[in-house]
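Peer 1: I would like to see how this sequence folds:
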Amino acid sequence: MRYWVAIFLTGLVVSLTAGSVMSAPHLDRSELYSGGAWRVELTVDTDGGDLWCSASTRNRAGQSFDLTLYDSGRIALFVTDPRWDLAQRDVSFGLDVDGGFWRLRGRAQGTSIGAALPSGSDAVELLERISVGRRATLINNRRLPVANFALQGGDRAFVELYDCASKISDDHALQVSADPF
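Peer 2: Just a heads-up that it's a prediction; the model follows:
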């Protein structure tokens, strides 16, 4: 799995996308995979033409954990809780995946926090750990757990996610402007 994660991340620009995209009439979603604790979707913004692939899991409290890969190559991680009412601001939080810990910085807004993944080998390690992990725990700045997510079935979901993302990246790269030079 590490090999596929590393290949996929080659050439991708890791950046933060603030806030999650809620259901809207201009978004067309297609489920590509559902198994274990995971669901993988392709989303098309019919207004702007943007594409993204996401793998998500939910817990019993209704919180969701999303990893989203965009056609532009951006990668974002979101955690959403419909009970949250977060002021728009920068946030720092921890993610524990089966004992491995990552400190992430991102943005809070409304019902979500979003963060860019760490760059390079840290991103590969985090994605690999999530894909084969059993549990992820979101931890706040006071070092208290905020949300727990089951990760079973992540290996198959990540194969589908990477397949989806490589297809939309290829489609995006093939778009030609009126003057490509």
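Peer 1: what about D47, is that helix, strand or coil?
Peer 2: coil (DSSP: H, G, I helix; E, B strand; the rest coil).
Peer 1: likewise for V159?
Peer 2: Using three-state DSSP, the structure places V159 in helix.
Peer 1: go on, the one 10 residues further on?
Peer 2: Of the three states, S169 takes helix according to three-state DSSP.
Peer 1: that one against I75, yeah?
Peer 2: No: using Cβ atoms under 8 Å, S169 makes no contact with I75, being 11.4 Å away. (C-beta placed from N, C-alpha, C; glycine too.)
Peer 1: how far does stretch 81-99 sit from its chain's centre?
Peer 2: 14 Å (Cα atoms, centre = their mean, to the nearest Å).
Peer 1: do the same with stretch 121-140
Peer 2: How far stretch 121-140 lies from its chain's middle: 11 Å, per Cα atoms, centre = their mean.
Peer 1: got it, and stretch 127-145?
Peer 2: With Cα atoms, centre = their mean as the basis, stretch 127-145 stands 13 Å off its chain's centre.
Peer 1: again, but for stretch 61-80
Peer 2: 3 Å.
Peer 1: from start to finish, how long is it in a straight line?
Peer 2: With Cα to Cα, to the nearest Å as the measure, the first residue of stretch 61-80 is 11 Å from its last.
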